[in-house]
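>>> Model the following, please.
(one chain, ligands or ions: 1)
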Amino acid sequence: MPREVCDYYQVRETIGSGGFAQVKIAKHRLSGETVAIKVMNKVALGEDLPRVQREINALRSLRHQHISQMYQVIDTPDDIYIVMEYVPGGEVFDYIVTKDRLLEDEARKFFRQVISAIAYVHNEGFAHRDLKPENLLLDRYQNIKLIDFGLVAKPQSLQDNLYTCCGSPAYAAPELIAGKPYLGSKADIWSMGILLYALLCGYLPFDDDNTVKLYKQILKGEYETPRWLSHGSIKILDSMLQTDPNQRITVKHLLSHPWVMTNYGVPVEWRSKYKPGSIDSEVIDVMSQYYGIGTTEMSNEIAEWKFDHVCATYYILCNMKYQGKRPRLLQPFVRGV
Ligand SMILES: CN(C)C[C@H]1CC[C@H](N2C(=O)NCc3cnc4ccc(-c5cc(Cl)c(O)c(Cl)c5)cc4c32)CC1
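The predicted structure is shown next:
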(Lines give C-alpha, C1' and ligand atoms only; values in the text may rest on other atoms or scores of the structure.)
Protein backbone atom coordinates (compact mmCIF):
# COMPACT_ATOMS: atom_id res chain seq x y z
CA MET A 1 0.00 0.00 0.00
CA PRO A 2 1.50 3.38 -0.99
CA ARG A 3 2.08 6.05 1.65
CA GLU A 4 -0.72 8.23 0.26
CA VAL A 5 -3.07 5.49 1.49
CA CYS A 6 -1.27 4.20 4.59
CA ASP A 7 -0.70 7.68 6.01
CA TYR A 8 -4.45 8.17 6.32
CA TYR A 9 -6.01 4.67 6.44
CA GLN A 10 -5.23 1.41 8.18
CA VAL A 11 -6.22 -0.97 5.36
CA ARG A 12 -7.58 -4.38 6.37
CA GLU A 13 -9.09 -7.36 4.54
CA THR A 14 -10.87 -7.50 1.20
CA ILE A 15 -14.65 -7.53 1.72
CA GLY A 16 -15.77 -7.97 -1.84
CA SER A 17 -14.73 -7.78 -5.43
CA GLY A 18 -16.60 -6.35 -8.36
CA GLY A 19 -15.22 -7.21 -11.76
CA PHE A 20 -11.82 -5.54 -12.06
CA ALA A 21 -11.87 -4.06 -8.56
CA GLN A 22 -11.30 -5.23 -5.01
CA VAL A 23 -13.10 -3.53 -2.12
CA LYS A 24 -11.22 -3.47 1.17
CA ILE A 25 -12.35 -2.42 4.61
CA ALA A 26 -10.17 0.21 6.30
CA LYS A 27 -10.01 2.50 9.30
CA HIS A 28 -9.65 6.26 8.88
CA ARG A 29 -6.77 7.04 11.26
CA LEU A 30 -7.88 10.55 12.27
CA SER A 31 -11.41 9.60 13.27
CA GLY A 32 -11.22 5.86 13.90
CA GLU A 33 -14.19 5.41 11.54
CA THR A 34 -14.55 2.49 9.12
CA VAL A 35 -14.46 3.15 5.36
CA ALA A 36 -14.59 1.03 2.20
CA ILE A 37 -11.74 1.39 -0.30
CA LYS A 38 -12.16 0.26 -3.90
CA VAL A 39 -8.74 -0.65 -5.31
CA MET A 40 -8.13 -0.88 -9.05
CA ASN A 41 -4.86 -1.71 -10.75
CA LYS A 42 -4.30 0.46 -13.81
CA VAL A 43 -2.58 -2.27 -15.86
CA ALA A 44 -5.34 -4.79 -15.04
CA LEU A 45 -7.93 -2.14 -15.95
CA GLY A 46 -6.49 -1.78 -19.44
CA GLU A 47 -9.08 -0.25 -21.76
CA ASP A 48 -11.58 -0.20 -18.88
CA LEU A 49 -9.74 2.78 -17.35
CA PRO A 50 -12.25 5.26 -18.88
CA ARG A 51 -15.06 3.45 -17.03
CA VAL A 52 -13.34 4.21 -13.74
CA GLN A 53 -13.02 7.86 -14.71
CA ARG A 54 -16.77 7.86 -15.53
CA GLU A 55 -17.56 6.35 -12.11
CA ILE A 56 -15.35 8.87 -10.32
CA ASN A 57 -16.77 11.82 -12.26
CA ALA A 58 -20.31 10.65 -11.49
CA LEU A 59 -19.55 10.09 -7.79
CA ARG A 60 -17.96 13.57 -7.58
CA SER A 61 -21.31 15.15 -8.36
CA LEU A 62 -23.53 12.76 -6.38
CA ARG A 63 -24.30 13.49 -2.72
CA HIS A 64 -27.51 11.81 -1.60
CA GLN A 65 -28.89 10.08 1.46
CA HIS A 66 -29.40 6.82 -0.48
CA ILE A 67 -26.03 6.68 -2.25
CA SER A 68 -22.78 5.46 -0.66
CA GLN A 69 -20.72 8.65 -0.47
CA MET A 70 -17.36 8.88 -2.19
CA TYR A 71 -14.88 10.45 0.25
CA GLN A 72 -11.51 10.53 -1.49
CA VAL A 73 -9.75 9.55 -4.71
CA ILE A 74 -6.08 8.53 -4.48
CA ASP A 75 -4.42 8.21 -7.89
CA THR A 76 -0.99 6.57 -7.76
CA PRO A 77 1.25 5.47 -10.68
CA ASP A 78 0.04 1.85 -10.42
CA ASP A 79 -3.40 1.95 -8.79
CA ILE A 80 -6.51 4.05 -8.22
CA TYR A 81 -8.12 4.02 -4.78
CA ILE A 82 -11.71 5.23 -4.23
CA VAL A 83 -12.42 5.75 -0.53
CA MET A 84 -16.13 5.44 0.22
CA GLU A 85 -18.73 5.42 2.96
CA TYR A 86 -18.78 1.94 4.53
CA VAL A 87 -22.32 0.54 4.70
CA PRO A 88 -22.53 -1.98 7.56
CA GLY A 89 -25.90 -3.68 7.09
CA GLY A 90 -25.13 -6.02 4.22
CA GLU A 91 -26.73 -6.44 0.80
CA VAL A 92 -30.47 -6.27 0.19
CA PHE A 93 -29.89 -9.49 -1.77
CA ASP A 94 -28.95 -11.32 1.45
CA TYR A 95 -31.82 -9.70 3.32
CA ILE A 96 -34.35 -11.05 0.80
CA VAL A 97 -32.77 -14.52 0.97
CA THR A 98 -33.06 -14.61 4.78
CA LYS A 99 -36.72 -13.51 4.64
CA ASP A 100 -37.59 -15.61 1.56
CA ARG A 101 -39.62 -12.64 0.22
CA LEU A 102 -40.79 -9.31 1.61
CA LEU A 103 -44.34 -8.32 2.47
CA GLU A 104 -45.67 -5.55 0.29
CA ASP A 105 -45.22 -2.82 2.93
CA GLU A 106 -41.55 -3.66 3.57
CA ALA A 107 -40.86 -3.94 -0.16
CA ARG A 108 -42.52 -0.52 -0.57
CA LYS A 109 -40.28 1.03 2.11
CA PHE A 110 -37.13 -0.14 0.31
CA PHE A 111 -38.46 0.55 -3.18
CA ARG A 112 -39.36 4.16 -2.30
CA GLN A 113 -35.71 4.68 -1.31
CA VAL A 114 -34.49 3.12 -4.57
CA ILE A 115 -36.85 5.44 -6.51
CA SER A 116 -35.43 8.37 -4.50
CA ALA A 117 -31.83 7.43 -5.38
CA ILE A 118 -32.53 6.78 -9.08
CA ALA A 119 -34.69 9.90 -9.53
CA TYR A 120 -31.78 11.90 -8.08
CA VAL A 121 -29.15 10.11 -10.24
CA HIS A 122 -31.23 10.65 -13.41
CA ASN A 123 -31.88 14.29 -12.48
CA GLU A 124 -28.11 14.80 -12.12
CA GLY A 125 -27.70 13.53 -15.68
CA PHE A 126 -26.57 9.93 -15.10
CA ALA A 127 -27.88 6.38 -15.37
CA HIS A 128 -26.64 3.67 -12.99
CA ARG A 129 -27.10 0.70 -15.39
CA ASP A 130 -26.23 -2.03 -12.91
CA LEU A 131 -29.20 -1.99 -10.54
CA LYS A 132 -29.54 -5.26 -8.63
CA PRO A 133 -30.01 -6.32 -5.00
CA GLU A 134 -26.24 -6.91 -4.64
CA ASN A 135 -25.64 -3.23 -5.32
CA LEU A 136 -28.13 -2.07 -2.72
CA LEU A 137 -26.71 -2.09 0.81
CA LEU A 138 -28.45 -1.40 4.10
CA ASP A 139 -27.06 1.03 6.65
CA ARG A 140 -27.44 0.73 10.43
CA TYR A 141 -30.96 2.19 10.20
CA GLN A 142 -32.02 -0.31 7.47
CA ASN A 143 -31.90 2.48 4.92
CA ILE A 144 -30.86 1.77 1.35
CA LYS A 145 -27.44 2.88 0.06
CA LEU A 146 -26.85 2.48 -3.71
CA ILE A 147 -23.32 1.42 -4.65
CA ASP A 148 -21.16 0.37 -7.60
CA PHE A 149 -21.35 3.05 -10.27
CA GLY A 150 -18.88 1.07 -12.37
CA LEU A 151 -21.31 1.05 -15.32
CA VAL A 152 -22.62 4.60 -14.91
CA ALA A 153 -23.44 6.52 -18.10
CA LYS A 154 -25.05 9.70 -19.31
CA PRO A 155 -28.70 8.59 -19.86
CA GLN A 156 -29.59 11.22 -22.46
CA SER A 157 -26.95 9.91 -24.81
CA LEU A 158 -27.81 6.78 -26.75
CA GLN A 159 -25.41 4.12 -25.54
CA ASP A 160 -23.54 1.87 -27.89
CA ASN A 161 -24.05 -1.62 -26.65
CA LEU A 162 -21.06 -2.21 -24.43
CA TYR A 163 -23.40 -3.61 -21.85
CA THR A 164 -23.41 -7.20 -23.06
CA CYS A 165 -19.73 -7.46 -22.16
CA CYS A 166 -20.53 -6.85 -18.49
CA GLY A 167 -23.35 -6.34 -16.03
CA SER A 168 -25.98 -8.88 -15.05
CA PRO A 169 -28.14 -10.40 -17.83
CA ALA A 170 -31.05 -11.23 -15.48
CA TYR A 171 -31.53 -7.50 -14.85
CA ALA A 172 -30.75 -6.33 -18.40
CA ALA A 173 -33.51 -4.64 -20.42
CA PRO A 174 -34.69 -6.25 -23.71
CA GLU A 175 -33.26 -3.42 -25.84
CA LEU A 176 -29.85 -4.15 -24.28
CA ILE A 177 -30.18 -7.86 -24.96
CA ALA A 178 -31.24 -7.09 -28.55
CA GLY A 179 -28.05 -5.06 -29.01
CA LYS A 180 -30.02 -1.92 -29.96
CA PRO A 181 -28.85 1.61 -29.06
CA TYR A 182 -30.63 2.40 -25.79
CA LEU A 183 -31.19 5.06 -23.15
CA GLY A 184 -29.57 4.24 -19.79
CA SER A 185 -32.41 5.87 -17.85
CA LYS A 186 -34.99 3.54 -19.47
CA ALA A 187 -32.75 0.52 -18.86
CA ASP A 188 -32.60 1.53 -15.17
CA ILE A 189 -36.41 1.47 -14.95
CA TRP A 190 -36.50 -2.10 -16.33
CA SER A 191 -33.90 -3.15 -13.73
CA MET A 192 -36.03 -1.50 -11.04
CA GLY A 193 -38.92 -3.68 -12.20
CA ILE A 194 -36.76 -6.80 -11.87
CA LEU A 195 -35.64 -5.58 -8.45
CA LEU A 196 -39.19 -4.98 -7.16
CA TYR A 197 -40.23 -8.40 -8.45
CA ALA A 198 -37.29 -9.95 -6.54
CA LEU A 199 -38.30 -8.07 -3.36
CA LEU A 200 -41.95 -9.19 -3.62
CA CYS A 201 -41.40 -12.76 -4.86
CA GLY A 202 -37.94 -13.78 -3.61
CA TYR A 203 -36.89 -14.94 -7.06
CA LEU A 204 -36.34 -13.41 -10.52
CA PRO A 205 -39.06 -12.98 -13.17
CA PHE A 206 -36.67 -14.09 -15.94
CA ASP A 207 -34.18 -16.73 -14.99
CA ASP A 208 -32.44 -19.58 -16.77
CA ASP A 209 -28.96 -21.07 -16.49
CA ASN A 210 -28.88 -21.11 -20.27
CA THR A 211 -28.15 -17.52 -21.32
CA VAL A 212 -29.79 -17.93 -24.72
CA LYS A 213 -33.04 -19.16 -23.10
CA LEU A 214 -32.79 -16.29 -20.57
CA TYR A 215 -32.42 -13.76 -23.39
CA LYS A 216 -35.47 -15.24 -25.17
CA GLN A 217 -37.55 -14.87 -21.96
CA ILE A 218 -36.45 -11.24 -21.52
CA LEU A 219 -37.17 -10.32 -25.13
CA LYS A 220 -40.61 -11.90 -24.82
CA GLY A 221 -41.19 -10.10 -21.53
CA GLU A 222 -43.66 -12.64 -20.15
CA TYR A 223 -43.33 -13.56 -16.49
CA GLU A 224 -45.46 -15.33 -13.92
CA THR A 225 -47.36 -13.39 -11.25
CA PRO A 226 -47.60 -15.56 -8.10
CA ARG A 227 -50.94 -15.57 -6.28
CA TRP A 228 -49.63 -13.52 -3.32
CA LEU A 229 -49.03 -10.46 -5.53
CA SER A 230 -51.71 -7.78 -5.05
CA HIS A 231 -53.40 -6.22 -8.05
CA GLY A 232 -51.52 -2.97 -7.33
CA SER A 233 -48.16 -4.79 -7.25
CA ILE A 234 -48.92 -6.45 -10.59
CA LYS A 235 -49.81 -3.06 -12.12
CA ILE A 236 -46.63 -1.28 -11.04
CA LEU A 237 -44.47 -4.23 -12.11
CA ASP A 238 -46.21 -4.20 -15.49
CA SER A 239 -45.51 -0.46 -15.90
CA MET A 240 -41.74 -1.05 -15.48
CA LEU A 241 -41.40 -4.42 -17.24
CA GLN A 242 -42.56 -3.11 -20.61
CA THR A 243 -40.35 -4.58 -23.37
CA ASP A 244 -40.86 -1.40 -25.42
CA PRO A 245 -38.74 1.25 -23.62
CA ASN A 246 -41.08 3.97 -24.87
CA GLN A 247 -44.04 2.30 -23.14
CA ARG A 248 -42.08 2.03 -19.89
CA ILE A 249 -42.96 4.31 -16.95
CA THR A 250 -40.43 7.06 -16.11
CA VAL A 251 -38.90 7.55 -12.66
CA LYS A 252 -40.74 10.90 -12.37
CA HIS A 253 -44.08 9.05 -12.70
CA LEU A 254 -42.96 6.42 -10.19
CA LEU A 255 -42.51 9.16 -7.54
CA SER A 256 -46.29 9.41 -7.08
CA HIS A 257 -47.48 6.08 -8.50
CA PRO A 258 -50.57 4.79 -6.57
CA TRP A 259 -48.68 1.67 -5.38
CA VAL A 260 -45.78 3.85 -4.16
CA MET A 261 -48.20 6.24 -2.38
CA THR A 262 -50.14 3.45 -0.59
CA ASN A 263 -49.87 3.82 3.23
CA TYR A 264 -47.58 6.87 2.75
CA GLY A 265 -49.97 9.31 1.12
CA VAL A 266 -47.06 11.45 -0.10
CA PRO A 267 -44.81 11.16 -3.19
CA VAL A 268 -41.20 10.00 -2.81
CA GLU A 269 -38.85 12.73 -1.60
CA TRP A 270 -36.06 12.35 -4.16
CA ARG A 271 -34.05 15.54 -3.68
CA SER A 272 -30.80 15.27 -1.78
CA LYS A 273 -31.18 16.14 1.91
CA TYR A 274 -27.79 17.89 1.47
CA LYS A 275 -28.48 21.34 0.01
CA PRO A 276 -25.99 21.91 -2.84
CA GLY A 277 -22.93 23.64 -1.42
CA SER A 278 -24.23 23.47 2.16
CA ILE A 279 -21.47 22.89 4.71
CA ASP A 280 -22.02 21.57 8.24
CA SER A 281 -20.79 24.27 10.64
CA GLU A 282 -20.34 21.90 13.63
CA VAL A 283 -18.03 19.71 11.52
CA ILE A 284 -16.17 22.81 10.29
CA ASP A 285 -15.64 23.86 13.93
CA VAL A 286 -14.14 20.46 14.80
CA MET A 287 -11.86 20.55 11.76
CA SER A 288 -10.74 24.17 12.10
CA GLN A 289 -9.78 23.54 15.73
CA TYR A 290 -7.97 20.37 14.72
CA TYR A 291 -6.04 21.95 11.83
CA GLY A 292 -5.51 25.22 13.72
CA ILE A 293 -7.06 27.47 11.08
CA GLY A 294 -10.13 29.75 11.07
CA THR A 295 -13.63 28.42 10.28
CA THR A 296 -13.91 30.64 7.16
CA GLU A 297 -10.60 29.33 5.82
CA MET A 298 -11.70 25.78 6.66
CA SER A 299 -15.07 26.26 4.93
CA ASN A 300 -13.37 27.67 1.83
CA GLU A 301 -11.04 24.67 1.74
CA ILE A 302 -13.95 22.21 2.00
CA ALA A 303 -16.03 24.13 -0.56
CA GLU A 304 -13.51 23.17 -3.22
CA TRP A 305 -14.65 19.52 -2.86
CA LYS A 306 -11.24 18.23 -3.92
CA PHE A 307 -11.88 14.64 -2.69
CA ASP A 308 -8.52 14.79 -0.94
CA HIS A 309 -7.92 13.73 2.67
CA VAL A 310 -9.30 16.97 4.15
CA CYS A 311 -12.50 16.48 2.13
CA ALA A 312 -12.68 12.84 3.24
CA THR A 313 -12.30 13.91 6.89
CA TYR A 314 -15.21 16.35 6.46
CA TYR A 315 -17.48 13.69 4.92
CA ILE A 316 -16.51 11.13 7.57
CA LEU A 317 -17.32 13.56 10.39
CA CYS A 318 -20.68 14.28 8.74
CA ASN A 319 -21.34 10.54 8.59
CA MET A 320 -20.50 10.26 12.32
CA LYS A 321 -23.25 12.81 13.02
CA TYR A 322 -25.67 10.82 10.82
CA GLN A 323 -24.86 7.79 12.98
CA GLY A 324 -25.69 9.79 16.12
CA LYS A 325 -22.03 10.00 17.16
CA ARG A 326 -20.25 13.18 18.28
CA PRO A 327 -17.97 14.24 15.37
CA ARG A 328 -14.40 14.27 16.68
CA LEU A 329 -10.85 13.57 15.53
CA LEU A 330 -8.38 11.47 17.49
CA GLN A 331 -4.66 12.14 17.15
CA PRO A 332 -3.47 15.71 17.76
CA PHE A 333 -2.32 17.26 14.47
CA VAL A 334 1.38 18.04 15.04
CA ARG A 335 2.33 20.72 12.49
CA GLY A 336 5.29 19.92 10.35
CA VAL A 337 5.67 16.25 11.38
C1 LIG B 1 -20.43 -5.84 -7.78
N2 LIG B 1 -20.67 -5.84 -6.33
C3 LIG B 1 -21.36 -7.11 -5.97
C4 LIG B 1 -19.41 -5.68 -5.63
C5 LIG B 1 -19.44 -5.75 -4.13
C6 LIG B 1 -18.18 -5.03 -3.63
C7 LIG B 1 -18.11 -4.99 -2.12
C8 LIG B 1 -19.36 -4.41 -1.52
N9 LIG B 1 -19.31 -4.37 -0.09
C10 LIG B 1 -19.20 -5.58 0.56
O11 LIG B 1 -19.03 -6.64 -0.06
N12 LIG B 1 -19.28 -5.64 1.92
C13 LIG B 1 -19.68 -4.57 2.69
C14 LIG B 1 -19.61 -3.26 2.03
C15 LIG B 1 -19.75 -2.13 2.81
N16 LIG B 1 -19.69 -0.91 2.31
C17 LIG B 1 -19.47 -0.75 0.98
C18 LIG B 1 -19.42 0.56 0.51
C19 LIG B 1 -19.21 0.81 -0.79
C20 LIG B 1 -19.04 -0.25 -1.69
C21 LIG B 1 -18.84 0.05 -3.10
C22 LIG B 1 -19.16 1.34 -3.57
C23 LIG B 1 -18.96 1.63 -4.90
CL24 LIG B 1 -19.38 3.20 -5.50
C25 LIG B 1 -18.44 0.68 -5.78
O26 LIG B 1 -18.22 0.99 -7.09
C27 LIG B 1 -18.16 -0.60 -5.29
CL28 LIG B 1 -17.55 -1.82 -6.36
C29 LIG B 1 -18.35 -0.92 -3.96
C30 LIG B 1 -19.08 -1.56 -1.25
C31 LIG B 1 -19.31 -1.84 0.10
C32 LIG B 1 -19.41 -3.16 0.65
C33 LIG B 1 -20.62 -5.08 -2.02
C34 LIG B 1 -20.67 -5.09 -3.55
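
>>> CA atoms for contacts and neighbours, from now on please.
Noted.

>>> show me what contacts the closest residue to residue 100 other than its chain neighbours?
Spatial nearest neighbour of residue 100, excluding adjacent residues (CA to CA, 6 or more residues apart in numbering): residue 202 at 5.5 Å. Residues counted as contacts of residue 202 (CA atoms under 8 Å, 6 or more residues apart in numbering) are 96-97, 100-102.

>>> switch to 7 Å and redo it
96-97, 100-101 (CA atoms under 7 Å, 6 or more residues apart in numbering).

>>> Need phi/psi at it.
phi 90, psi 0 (degrees, to the nearest 10).

>>> Three-state assignment for the residue in the chain positioned nearest to the ligand, please.
Nearest residue of the chain to the ligand: residue 148, at 3.0 Å (CA to the nearest ligand atom). Taking DSSP: H, G, I helix; E, B strand; the rest coil as the rule, one finds residue 148 in the coil state.

>>> hey, which helix or strand in the protein has the poorest pLDDT?
Among the helices and strands of the chain, strand 158-159 carries the lowest confidence by mean pLDDT, DSSP states H and E, at a mean of 62.

>>> mind listing the helices for the stretch 1-150 of the chain?
Along the stretch 1-150 of the chain, counting by DSSP state H, counting those that start in this stretch, helices occupy 3-6, 42-45, 49-60, 92-99, 104-123.

>>> is it possible to export the ones you listed to JSON lines including mean neighbour count and mean pLDDT?
What follows is the helices of the stretch 1-150 of the chain, written out as JSON lines (neighbours: other CA atoms under 10 Å; pLDDT from 0 to 100):
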{"stretch": "helix 3-6", "mean neighbour count": "14", "mean pLDDT": "95"}
{"stretch": "helix 42-45", "mean neighbour count": "14", "mean pLDDT": "92"}
{"stretch": "helix 49-60", "mean neighbour count": "17", "mean pLDDT": "93"}
{"stretch": "helix 92-99", "mean neighbour count": "16", "mean pLDDT": "94"}
{"stretch": "helix 104-123", "mean neighbour count": "21", "mean pLDDT": "98"}
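
>>> Get me the contact residues on this structure for the ligand.
Taking CA under 6 Å from any ligand atom as the contact definition, the chain meets the ligand at 15-18, 23, 36, 68, 84-88, 90, 134-135, 147-150.

>>> Restricted to strands, list these.
Those of the residues of the chain next to the ligand mapping onto strands are 15-18, 23, 36, 84-85, per DSSP state E.

>>> If burial is judged by neighbour count, which of those residues pass?
Buried by 16 or more other CA atoms under 10 Å: 23, 36, 84-85, out of these.

>>> just to revisit the earlier point, which residues touch the residue of the chain closest to the ligand?
Counted by CA under 7 Å, 6+ apart, residue 148 has contacts residue 135.

>>> Kindly state the pLDDT recorded for it?
Looking at residue 148, its pLDDT stands at 88.

>>> just residue 155 next, same as before
55.

>>> one step back: out of the contacts of residue 202, which comes closest to residue 320?
Nearest to residue 320 among the contacts of residue 202: residue 96, at 27.9 Å, using CA to CA.

>>> Out of the helices of the stretch 1-150 of the chain, the one nearest residue 75 is which?
Here helix 3-6 is closest among the helices of the stretch 1-150 of the chain (CA to CA), at 8.9 Å.

>>> Quick one: list the elements packing against that closest one.
Applying 3 or more CA pairs under 7 Å, 6 or more residues apart in numbering; DSSP states H and E, we find helix 3-6 packed against no helix or strand.

>>> beta partners of residue 27?
Beta bridges link residue 27 to residue 10, residue 34, judged by DSSP bridges.

>>> Surely it touches residue 36?
No: if you go by CA atoms under 7 Å, residue 27 and residue 36 don't touch, sitting 8.6 Å apart.

>>> thinking residue 173 is in contact with residue 185, fair?
No: using CA under 7 Å, residue 173 is not in contact with residue 185, being 10.9 Å away.

>>> coming back round to it: determine which of the helices of the stretch 1-150 of the chain approaches residue 32 most closely.
Across these, residue 32 has its closest neighbour in helix 3-6 (13.7 Å, CA to CA).

>>> Stretch 187-204 - what's its average pLDDT?
Here the average pLDDT along stretch 187-204 is 97.

>>> for it, the distance to its chain's centre please.
Computed by CA atoms, centre = their mean, to the nearest Å, the chain-centroid distance of stretch 187-204 equals 16 Å.

>>> now residue 32, nearest residue through space, not along the chain?
residue 330 (7.2 Å).

>>> got it, and residue 219?
Once flanking residues are discounted, residue 219 sits nearest to residue 174: 5.0 Å by CA to CA, 6+ apart.

>>> Any regions of this protein where pLDDT drops low?
Scanning the chain for pLDDT under 70 picks out the ranges 155-167, 331-337.

>>> show me where it has strands.
Going by DSSP E, the chain shows strands at 9-18, 21-28, 34-41, 70-75, 79-85, 136-138, 144-146, 158-159, 182-183.

>>> Cheers, nothing more for now.
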